[in-house]
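1. All I have is the shape, not the residue letters:
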């Protein structure tokens with residue numbers, strides 16, 4: 001009896017071993033065909049640290065001038081022309097503001113384009129609904145500037161222009177507490193996106209694009225235009241919008257290097273580790289030819305960035321060739337192909353803007369690079385539009401606080417289908433890149449930035465790409481030029 005029992009146990013043990021071997025062989029075989037067990041990550045790792053060996057392509061798409069409420073906000077109404085809030089997001093516009101809100105296309109209203117002085121009193125009023133209403137009525141602030149004229153910030157993007165962004169948010173990840181760092185215009189936003197500060201070589205906080213003298217008008221007054229940073233002649237007469245201690249701009253005259261800044265950017269950090277990067281720039285059509293639109297590309301005041309991108313690829317022609325075949329570098333910065341597809345108000349952008357971002361996402365999602373990619377879609381500033389959520393406290397440099405901007409994460413390792421309520425900003429993206437590649441922080445902005453751990457889920461294998469809605473895939477003819485001139489590119 002004991003012999004028979006021993007034989008039975010021995011047989012059971014042998015069968016168990018065989019089953020284990022078969023399971024191991026099956027797992028190994030499946031691993032060769034794309035199956036892999038979910039990586040096990042310690043709980044205390046940051047998002048970037050958890051992404052090591054999993055994410056090796058980071059894409060940052062930078063659009064223009066929108067708040068979260070402008071694209072995702074709304075309220076419950078029987079009128080189908082009035083949008084409802086995005087499901088699950090903090091996007092319900094308060095009752096006292098609802099009567100002021102109206103639908104607008106990309107080009108409207110023509111007066112909205114935030115600059116720091118105009119919105120300083122709104123910031124001082126803590127962006128309360130009462131202060132917003134005061135601004136709409138031409139409120140003066142401390143007597144330091146004239147009443148606001150023709151300012152109408154109470155707009156949401158027209159329903160039919162929201163579709164692509166809402167579809168991306170539904171299928172992937174949307175953050176409803178992602179904030180612009182500054183309350184000023186695009187220039188400081190671009191500086192924070194790549195360098196975690198907006199200061200010149202004299203350590204002065206810069207609140208807007210420096211300008212160069214372009215002539216004298218008929219009354220003998222100097223004429224100024226937005227400068228082109230390191231592209232400007234070294235002897236260009238420059239004036240710089242320096243932020244004073246009281247939070248207002250003082251245009252100070254400078255006269256050096258066209259305002260070419262020497263402080264490091266994230267690409268300087270990338271270069272120390274031989275991490276590949278690229279910036280796909282905006283092209284503009286003028287005087288019968290295409291050329292780089294320096295100001296719109298935003299990073300031209302950083303000397304190392306400019307020197308490294310003298311032969312910039314562009315997003316109008318180069319990106320549509322590179323992205324679908326997985327030819328992007330490890331870190332990619334993307335500006336829209338032309339201002340018409342930028343989301344910028346003030347009569348700049350067009351209805352075709354809704355086709356640009358989803359087109360890029362579909363190119364990358366359907367490429368061989370999808371399985372190790374994280375795409376961040378951000379906006380460079382809040383554009384002067386209303387948003388009901390109070391921003392975080394003012395930073396020491398008084399450039400902020402800035403309001404919420406839309407934020408989207410598209411990745412096979414995203415917490416897909418969720419609205420994430422954690423606070424984050426541009427520094428959080430820099431922190432993700434720095435932690436991913438063991439790079440030091442640039443300033444206290446990225447060092448102290450909120451980690452984006454909640455936006456990702458690295459406990460599951462890479463999820464397959466789900467294409468996002470695009471009304472019409474991008475074509476260069478969406479940029480307002482003649483089709484026969486599309487080959488006329490002049491990088492100078």
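-> Yep, that arrived. For clarity, every value in this text was computed on a predicted model and none was experimentally measured.

2. was I right about residue 479 contacting residue 342?
-> No: look at residue 479 against residue 342 with C-beta atoms under 8 Å: they stay out of range, at 10.5 Å. For glycine as for every other residue, the C-beta is placed from the backbone atoms N, C-alpha and C.

3. give me the low-pLDDT residue ranges for this protein?
-> In the predicted model of the chain, residues 1-43, 109-115, 118, 121, 125, 137-151, 255-258, 286-293, 481-492 satisfy pLDDT under 70.

4. what residue lies at the spatial centre of it?
-> In the chain, the C-alpha nearest the mean C-alpha coordinate belongs to residue 378, at 2.0 Å (C-alpha atoms, centre = their mean).

5. List the contacts of the helix or strand encompassing that one.
-> Following DSSP states H and E, one finds residue 378 within strand 373-379. Contacts to strand 373-379, defined as C-beta atoms under 8 Å, 6 or more residues apart in numbering, come from residues 51, 55, 57-66, 168, 178, 180, 193, 343, 357, 360-361, 364, 405-414, 426, 429, 432, 456.

6. hmm, back to that, let me know the distance separating the residue nearest to the centre of the chain from residue 322.
-> In this view, residue 378 and residue 322 are 21 Å apart by C-beta to C-beta, to the nearest Å.

7. Next: residue 108.
-> Applying C-beta to C-beta to residue 108 and residue 322 gives a distance of 34 Å.

8. How about the secondary structure of residue 280?
-> Judged by DSSP: H, G, I helix; E, B strand; the rest coil, the three-state class of residue 280 is strand.

9. how about the closest residue to it other than its chain neighbours, what does it touch?
-> Spatially, and ignoring its direct neighbours in sequence, residue 280 is nearest to residue 315 (4.0 Å; C-beta to C-beta, 6 or more residues apart in numbering). Contacts were defined as C-beta under 8 Å, 6+ apart; by that measure residue 315 touches 280-283, 334-337.

10. Any figure for the gap between residue 315 and residue 356?
-> For residue 315, the distance to residue 356 - C-beta to C-beta - is 9 Å.

11. Ok, residue 98 next?
-> Between residue 98 and residue 356 the computed distance is 30 Å (C-beta to C-beta).

12. So if I had to pick from these two, which one is more boxed in?
-> More crowded of residue 98 and residue 356, by other C-beta atoms under 10 Å: residue 356, with 27 against 15.

13. if we can go back for a sec, which neighbours do residue 315 and residue 356 share?
-> Residues touching both residue 315 and residue 356 (C-beta under 8 Å, 6+ apart): 336-337.

14. and after the strand holding residue 378, which helix or strand comes next?
-> Strand 373-379 is succeeded, C-terminally, by strand 408-410 (DSSP H and E).

15. Check which helices and strands that following strand is in contact with.
-> Packing contacts for strand 408-410, counted by 3 or more C-beta pairs under 8 Å, 6 or more residues apart in numbering; DSSP states H and E, involve helix 163-171, strand 173-175, strand 373-379.

16. Just say helix, strand or coil for residue 156.
-> Under three-state DSSP, residue 156 comes out as strand.

17. Return the set of residues that bridge with it.
-> Residues in a beta bridge with residue 156, per DSSP bridges, are residue 103.

18. That's all I had, so thanks and see you.
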